[in-house]
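Student: fold the following, please.
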Amino acid sequence: MKVLGIETSCDDTAAAVYDSAGGLRGHRQASQLDSHRPFGGVVPELAARDHVRLLMPLVQQVLADTDLKVDDLDGVAYTSGPGLAGALLVGAALGRSLAWSLDIPAAGIHHMEGHLLAPMLEADPPEFPFLALLVSGGHTMLVDVRAVGRYQLLGSTLDDAAGEAFDKAARILGLGFPGGPEIQRVSQGATGGERLPRAWMKGTLDFSFSGLKTALLHQAQAWDVYPAPEGGADETKVAELAASFQEAAVDVMATKAAEPVTRHGAKGLVLGGGVSANALLRQEVRRRSPVPV
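Tutor: Okay, here's the model as predicted:
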């Protein structure tokens, strides 16, 4: 089967073709960061409008990349949620209408299941069962993955998602959007000597980042970083606070991801979601995990 995949859950528009005989045939992605950066976050209405403008050309491009005609498709898969309602509607409308016009199946895919199973596209996919830490702008979840369709949620955030916390921390420090890459950038070379608290939520595998965010705010105020003084905040102080925030958030995520691996008999540990691009998180999870990451 040749299946067209459509992703419009937030601010990235994406299309791909997967061939059951040959794997991933091709993919295209369009970022909306420039549209949302002036607002310091994703504006749902702007995201939906950009999806309307970008999605069909992307589908046409990925079909051209893979030397396929639309009639060659055997199915369409689209992100059904969770995500921004207006953005999701764009992908669902195009995916379902295209499938209806071709008389082929259409399948709505859960956003988090897509993250869980994306590693199966790799040349050396993880072996079941494995644990997955999903960390993004909207989610922070630790999942026990037994097989396709067999998942157990071990822990999740009680307040802010990891990516949301990074965005809010960056805003406190006067950095740009998205916050994760900005905090990583300014943290390079900083010692992170100002230790910020960790919310361990003892006895659970749940996460909490609101207290860390509040502690950062109070320290930024004490260091005259927030609100930024006239002429701008001291760059060294901003870097130290960014590094301290990153170290605290990563410490909790890496510890909680690695600690239950042996207890659950996992053969691997998977990182998914946008925050998994953080270099320190990847380094620390690899260092602490007793199984391949």
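Student: sec struct for V76, please.
Tutor: Of the three states, V76 takes strand under DSSP: H, G, I helix; E, B strand; the rest coil.
Student: that one: neighbour count?
Tutor: Neighbourhood size, V76 [other CB atoms under 10 Å]: 24. Placement of C-beta: from N, CA and C, glycine included.
Student: which stretches of the stretch 101-250 of the chain form strands?
Tutor: Ranges of strands in the stretch 101-250 of the chain, per DSSP state E, counting those that start in this stretch, are 106-110, 130-135, 140-147, 150-156.
Student: where do the helices sit along the stretch 1-150 of the chain?
Tutor: Secondary structure of the stretch 1-150 of the chain (DSSP state H, counting those that start in this stretch): helices at 33-36, 44-65, 85-102, 111-117.
Student: in CSV, list those helices along with mean neighbour count, mean pLDDT and distance to P125.
Tutor: Output for the helices of the stretch 1-150 of the chain, formatted as CSV (neighbours: other CB atoms under 10 Å; pLDDT from 0 to 100; distance: least, CB to CB, whole Å):
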stretch, mean neighbour count, mean pLDDT, distance to P125
helix 33-36, 14, 94, 30
helix 44-65, 18, 98, 22
helix 85-102, 18, 98, 25
helix 111-117, 19, 95, 9
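Student: for T13, find the nearest of these.
Tutor: helix 44-65 (4.3 Å; CB to CB).
Student: tell me how many other residues crowd V143.
Tutor: 22.
Student: for it, which non-adjacent residue is closest in space?
Tutor: Once flanking residues are discounted, V143 sits nearest to A132: 4.7 Å by CB to CB, 6 or more residues apart in numbering.
Student: what's the spacing between the one you found and T236?
Tutor: Here A132 is placed at a distance of 37 Å from T236 (CB to CB, to the nearest Å).
Student: L89 too?
Tutor: Taking CB to CB as the measure, L89 falls 46 Å from T236.
Student: please apply the same query to Q29.
Tutor: 36 Å.
Student: of those two, which one has the most company?
Tutor: Legend: neighbour count by other CB under 10 Å for Q29 and T236, higher for Q29 (13 against 9).
Student: so who does that one touch?
Tutor: Q29 makes contacts with 12-14, 58, as judged by CB atoms under 8 Å, 6 or more residues apart in numbering.
Student: so it bridges to which residues?
Tutor: A14 (DSSP bridges).
Student: just so I know, which of the helices of the stretch 1-150 of the chain lies nearest I6?
Tutor: Nearest to I6, of those and by CB to CB, is helix 85-102 at 4.6 Å.
Student: which strands and helices lie in contact with the closest one?
Tutor: If you count contacts as 3 or more CB pairs under 8 Å, 6 or more residues apart in numbering; DSSP states H and E, helix 85-102 packs onto strand 2-7, helix 44-65, strand 75-81, strand 106-110.
Student: count the neighbours of G232 for me.
Tutor: G232 is flanked by 10 other residues according to other CB under 10 Å.
Student: turn the strands of the stretch 101-250 of the chain into a markdown table, including mean pLDDT and distance to T66.
Tutor: Shown next, in a markdown table, are the strands of the stretch 101-250 of the chain (pLDDT from 0 to 100; distance: least, CB to CB, whole Å):
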| stretch | mean pLDDT | distance to T66 |
| --- | --- | --- |
| strand 106-110 | 97 | 19 |
| strand 130-135 | 98 | 28 |
| strand 140-147 | 98 | 29 |
| strand 150-156 | 98 | 30 |
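Student: quick check: which of these is buried the most?
Tutor: When you average the neighbours per residue for each of those (mean count of other CB atoms under 10 Å), strand 130-135 leads with a mean of 26.
Student: noted, bye for now.
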